[in-house]
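K.L.:
what would the 3D arrangement of this be:
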Amino acid sequence: MAASPQNPAASAPRRKVSRHRGEGQWAAGHFTPLNGNEQVKKDDDGLNVRTRIETIYSKRGFDSIDPSDLRGRMRWWGLYTQRKPGIDGGKTAILEPEELDDRYFMLRVRIDGGALTTAQLRVIGEISQEFARGTADITDRQNIQYHWIRIEDMPEIWERLEGVGLSTTEACGDTPRVILGSPVAGIAADEIIDGTPAVEEIHRRIVGNPAFSNLPRKFKSAVSGSPLLDVVHEINDIAFVGVVHPEHGPGFDVWVGGGLSTNPKIGVRLGAWVPLDEVPDVYEGVISIFRDYGYRRLRNRARLKFLVADWGAEKFRQVLEDEYLKRTLTDGPAPEQPVQQWRDHIGVHRQKDGRFYVGFAPRVGRVDGATLTKIADLAEAHGSGRVRTTVEQKMIVLDVEQDKVDSLVEGLEALDLTARPSSFRRGTMACTGIEFCKLAIVETKQRGAQLIDELERRLPDFDEPITINLNGCPNACARIQVADIGLKGQLVLNDQGEQVEGYQVHLGGALGLEPGFGRKVRGLKVTAEELPDYVERVLKRFRAERADGERFATWAARASEEALS
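P.N.:
Okay, the predicted model is just below:
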């Protein structure tokens, strides 16, 4: 068609019309599944798989499990297939899932708030010994993880756990995961406010509720009224942090949008003060925003942190108030910085009632069922029958009378569970690693334990707070980006040009005191064999170069690349 004054566009070149791709947000009307994970969830709610486990899979065995259940919905009940033994890290990203899958499972027991009775701990220990080949790791989210679980044993395991008030419901999957809580909630002498009632009410309303069982991805949360900021609130999807409002008194400051993995983000404050009895309402509002507005098109952008980053805190709060709470939140103060770097409650501490709690350190969270039953015995003999897990892979015995403290500490020492750990034992953490995890590239647990022993031998007088976190892959389950020394597992070349297990090094990350992510020095990687030499070298340089009272993270931020190499 020829151009004319009436149709000037006829002679113009055609412009490609670009349409904005939807992000799969339900609130925008995008209900059509945009990836396989979303289709699996649409086909059937993950909560429904338990019936099939109990009535079909546990009776007919592993080979009867539908693949969509095996690698999808079973996570809603805390079950992941574990890594088949003998597959090296170089094959992690190459093999198909069915080639990596073993016929056994990791099972996660959720422990909201880290709160356990000795009766519960004893049952956890007994299940470990009878069904999990003794395995029972304490995670950095206050849970307990078993390995070597057979599908045939799940009905009995659930019966035993639920008989003492424990559960695996939504311990994994695109669900509201375990609610972190201060392990000394209700007992610490310096506590701002006890968040336990909020943790319990959130659990009652949310966990196992089909209204919240299909989220874009996992949803991590935390509630703590401790001035130590002891639940890593900065890296949760939602966190409630104890503060004192100048007019309304003790309550909680609200943070949203934190998370690590390959796109780490520190959470942001909404600037809102929430009283204790309104915490569950705000939690429900935020998880509803995630469900309705969260990005479901791409799995790697489906965490709440991406929505918060795009919206900003002001818009997020506005949507929360206008569409979900139907009321305005009260403005409030930020939490004060903690007065100490350690936030793990290790050692002997006086409770507000005059009794004591005793925090102790396993090696990188690794314990076993027999040890857990012995801890239960010790706690019953010396306390009231209450224990806690922490977000640092540690444990605490509560309510110990003063005249029983020394005896409890000695009993723990006999189990190699010290309440007076070295800085290395206290500050070293490790994820599951290649021993059981299908995503891992390198070993972590054993290597972390060996590193502790080696550093204690080489640097026996080192007493500065230091965190050394080992991760088997880039997903940061062990929080490598916020450790003083974060070690991300990967295959590296040794001096002979051979590909071996090793780590990329992150230095100077921190939470609590000036939170931030560690620094990556260009090309700084170490082999697993070189790891003790490297850590010893960098810690000696830190001690030689630090200013008076300077923390490792502060020094690492200003140190030369040569000093960090």
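K.L.:
apart from its neighbours in sequence, what residue is nearest L372?
P.N.:
Leaving out its chain neighbours, the residue that sits closest to L372 by CB to CB, 6 or more residues apart in numbering is G125, at 3.5 Å. From N, CA and C alone the C-beta is placed, and that goes for glycine too.
K.L.:
and the helices in the stretch 301-450 of the chain, which stretches?
P.N.:
With helices called from DSSP state H, counting those that start in this stretch, the stretch 301-450 of the chain shows them at 304-311, 313-319, 369-382, 405-414, 423-427, 445-458.
K.L.:
so the residue nearest to L372 sits against V387, correct?
P.N.:
No. At 11.5 Å, G125 and V387 do not qualify as touching, with contact defined as CB atoms under 8 Å.
K.L.:
remind me what the helix or strand that contains the residue nearest to L372 packs against, helices and strands.
P.N.:
Here G125 sits within helix 118-131, counting by DSSP states H and E. Where contact means 3 or more CB pairs under 8 Å, 6 or more residues apart in numbering; DSSP states H and E, helix 118-131 is packed against strand 135-138, strand 144-149, helix 154-163, helix 369-382, strand 386-389.
K.L.:
the same query, at a cut-off of 6 Å, please.
P.N.:
Contacts defined by 3 or more CB pairs under 6 Å, 6 or more residues apart in numbering; DSSP states H and E place helix 118-131 against helix 154-163, helix 369-382.
K.L.:
need the winner for burial among those.
P.N.:
Ranked by mean neighbour count, the helices and strands packed on helix 118-131 are led by helix 369-382 with a mean of 21 (mean count of other CB atoms under 10 Å).
K.L.:
JSON lines for the helices of the stretch 301-450 of the chain, including distance to A28 and mean pLDDT?
P.N.:
Formatted as JSON lines, the helices of the stretch 301-450 of the chain follow (distance: least, CB to CB, whole Å; pLDDT from 0 to 100):
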{"stretch": "helix 304-311", "distance to A28": "12", "mean pLDDT": "98"}
{"stretch": "helix 313-319", "distance to A28": "13", "mean pLDDT": "98"}
{"stretch": "helix 369-382", "distance to A28": "47", "mean pLDDT": "98"}
{"stretch": "helix 405-414", "distance to A28": "54", "mean pLDDT": "98"}
{"stretch": "helix 423-427", "distance to A28": "45", "mean pLDDT": "98"}
{"stretch": "helix 445-458", "distance to A28": "43", "mean pLDDT": "98"}
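K.L.:
and those as CSV, adding distance to Q490?
P.N.:
Below are the helices of the stretch 301-450 of the chain laid out as CSV (distance: least, CB to CB, whole Å):
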stretch, distance to Q490
helix 304-311, 24
helix 313-319, 35
helix 369-382, 32
helix 405-414, 36
helix 423-427, 22
helix 445-458, 14
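K.L.:
I'd like to know which of these is closest to N214.
P.N.:
Counting by CB to CB, N214 lies closest to helix 304-311 out of the helices of the stretch 301-450 of the chain; the figure is 14.7 Å.
K.L.:
CA atoms of the closest one as PDB?
P.N.:
Provided in PDB are the C-alpha atoms of helix 304-311 (Å, rounded to 0.1, in the frame of the first residue of the first chain):
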ATOM      1  CA  LEU A 304      10.000 -13.400  47.600                       C
ATOM      2  CA  LYS A 305      13.200 -11.500  47.600                       C
ATOM      3  CA  PHE A 306      12.800 -10.800  43.900                       C
ATOM      4  CA  LEU A 307       9.300  -9.300  44.300                       C
ATOM      5  CA  VAL A 308      10.500  -7.200  47.200                       C
ATOM      6  CA  ALA A 309      13.500  -6.000  45.200                       C
ATOM      7  CA  ASP A 310      11.200  -5.000  42.300                       C
ATOM      8  CA  TRP A 311       8.500  -3.300  44.500                       C
END
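K.L.:
what's that helix in contact with?
P.N.:
With CB atoms under 6 Å, 6 or more residues apart in numbering as the test, helix 304-311 has contacts from 237, 256-257, 259, 265, 290, 293-295, 316.
K.L.:
against G257, how distant is the closest residue to D237 other than its chain neighbours?
P.N.:
Nearest residue to D237 in three dimensions, chain neighbours excluded: L304, at 4.4 Å (CB to CB, 6+ apart). For L304, the distance to G257 equals 6 Å [CB to CB, to the nearest Å].
K.L.:
sorry, back to before: nearest to S213, out of the helices and strands packed on helix 118-131?
P.N.:
Closest to S213 of the helices and strands packed on helix 118-131 is helix 154-163 (CB to CB; 17.5 Å).
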